[in-house]
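In: fold the stuff below for me.
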Amino acid sequence: MSDLEGLLARLVQRLGAITADPAVLDGGITNRNYRVSFAGRDCVVRLPGKDTSLLGISRAAEQAAGRQAAALAMGPEIVAVEDDCLVTAYVSAVTGHATPEAIGVALRTFHDSGLDLPVRFWVPDLLDDYATLVRARGGTLPPQYESAQELSRQIAQDLPLDEPVPCHNDLLPANVLTTRDREVMLVDWEYAGMGHRMFDLGNLAVNWQLDSVSETRLLAAYFDRAPAVQERTALQLMRRMSDAREAAWGVVQSVLSTLDFDFQGYAARHFDRLSAPDA
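Out: Numbering: from 1, shown residues only. Have a look, this model is predicted:
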């Protein structure tokens with residue numbers, strides 16, 4: 001029996017009979033995701049990829065953040081948890097269409113929600129952990145890795161983590177949904193942790209390739225005022241911090257993951273952007 005078959009057999013006991021064949025949801029580069037209907041209710045079933053616990057993921061933090069997002073009406077309901085497998089309500093929505101203003105307001109709401117997550121998210125520490133893991137698995141760090149570590153440490157000195165807030169930390173376009181009612185829904189809280197609020201903003205800005213005008217709109221909505229110079233500067237620094245993290249993530253996934261994805265190419269693209277003259 002496959003992992004999926006075994007999981008579904010257990011979930012049927014809790015959620016009811018499967019009323020539509022499971023359908024693969026494309027786009028995930030960490031886990032395997034399926035759309036499954038239990039007793040007529042559409043859900044998303046997520047099977048973690050191989051060794052994802054080594055990526056700095058806390059399932060307890062993920063579940064707490066997901067439940068908080070649902071309570072704030074900015075995330076799908078968590079229907080069930082079976083070991084490390086997560087079942088959430090299926091949301092009819094599109095990706096990549098949310099406005100900077102809508103995302104900025106959503107992030108500020110979550111950051112200021114008072115949620116205390118059980119783990120810390122801090123990129124310099126994560127890069128050090130990833131480097132140790134790659135070496136332990138017999139992998140080789142690319143020449144750019146040390147420079148990315150040094151850059152993340154320098155940014156950390158410039159923007160110390162003084163008041164950590166609950167953050168998403170993985171704001172790829174695929175993780176930000178827009179419903180038919182134009183509501184923003186944030187999904188995939190795997191990397192949730194207590195971190196720097198500006199990392200979420202920089203992570204979003206670079207992953208969405210926002211231009212300076214859109215960045216201003218994002219910051220103005222987040223702070224509910226015209227952004228200050230230091231906030232603009234922090235956003236640019238965190239854009240670079242995000243690329244350092246994504247590059248390192250690609251490196252470590254190249255020695256961990258069994259998914260059919262070019263993780264080395266993913267890392268190289270982020271290293272290249274990190275070292276670009278205008279970065």
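
In: please report the distance of the nearest residue to Val252 once chain neighbours are set aside from Gln149.
Out: Of all residues not flanking Val252 in the chain, Tyr130 sits nearest, at 4.3 Å (CB to CB, 6 or more residues apart in numbering). C-betas here are computed from N, CA, C, even on glycine. Per CB to CB, to the nearest Å, Tyr130 is found 9 Å from Gln149.

In: next: Val184.
Out: Going from Val184 to Gln149 by CB to CB gives 33 Å.

In: between the two, which has more neighbouring residues?
Out: Val184 (23 against 19; other CB atoms under 10 Å).

In: show the subsequent helix or strand relative to the one helix or strand Gly104 maps to.
Out: Using DSSP states H and E, Gly104 sits in helix 100-111. The helix or strand immediately downstream of helix 100-111 is helix 123-136, counting by DSSP H and E.

In: just the helices from the protein, written as ranges.
Out: Assigned helices in the chain, in chain order: 3-15, 59-71, 100-111, 123-136, 144-158, 197-207, 212-223, 229-256, 263-275 (criterion: DSSP state H).

In: can you put those in a markdown table and add mean pLDDT and distance to Glu82?
Out: Formatted as a markdown table, the helices of the chain follow (pLDDT from 0 to 100; distance: least, CB to CB, whole Å):
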| stretch | mean pLDDT | distance to Glu82 |
| --- | --- | --- |
| helix 3-15 | 92 | 6 |
| helix 59-71 | 97 | 11 |
| helix 100-111 | 98 | 26 |
| helix 123-136 | 97 | 27 |
| helix 144-158 | 97 | 35 |
| helix 197-207 | 98 | 29 |
| helix 212-223 | 98 | 36 |
| helix 229-256 | 97 | 22 |
| helix 263-275 | 95 | 27 |
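
In: mean neighbour count, the ones you listed: which tops it?
Out: Of all those, helix 197-207 carries the top mean neighbour count, a mean of 25, counting by mean count of other CB atoms under 10 Å.

In: residues making contact with it?
Out: The contact list for helix 197-207 (CB atoms under 8 Å, 6 or more residues apart in numbering) reads 103-104, 107, 111, 121, 123, 159, 165, 167-173, 176, 210, 214-215, 218-219, 222, 231, 234-243, 245, 273.

In: straight-line length of stretch 106-124, end to end?
Out: End-to-end distance of stretch 106-124: 26 Å, with CA to CA, to the nearest Å as the criterion.

In: likewise for stretch 92-100?
Out: 21 Å.

In: need the contact partners of that stretch.
Out: By CB under 8 Å, 6+ apart, stretch 92-100 touches 173-180, 184-185, 208, 210, 214-215, 217-218, 221.

In: among these, name the ones in strands.
Out: 176-179, 184-185 (DSSP state E).

In: for the residue of the chain positioned farthest from its centre, which non-adjacent residue is closest in space?
Out: Distance from the C-alpha centroid of the chain peaks at Ala17, with 31.3 Å (CA atoms, centre = their mean). In space, and not counting its chain neighbours, Ala17 is closest to Ala39: 6.1 Å by CB to CB, 6+ apart.

In: same question for Trp208.
Out: Per CB to CB, 6+ apart, closest to Trp208 is Pro173, 6.0 Å.

In: what residues does the one you found make contact with?
Out: 95-96, 207-208.

In: report the separation between Arg273 and Val79.
Out: For Arg273 relative to Val79 (CB to CB), the value is 37 Å.

In: typo on my end, Phe263
Out: Phe263 sits 30 Å away from Val79, going by CB to CB.

In: please check the contacts of Pro173 and keep the buried ones.
Out: Neighbour-count burial (16 or more other CB atoms under 10 Å) applied to those gives 207-208.

In: would you turn the contacts of Pro173 into CSV with distance to Leu7?
Out: Below are these laid out as CSV (distance: CB to CB, whole Å):
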residue, distance to Leu7
Thr95, 25
Gly96, 29
Asn207, 30
Trp208, 33
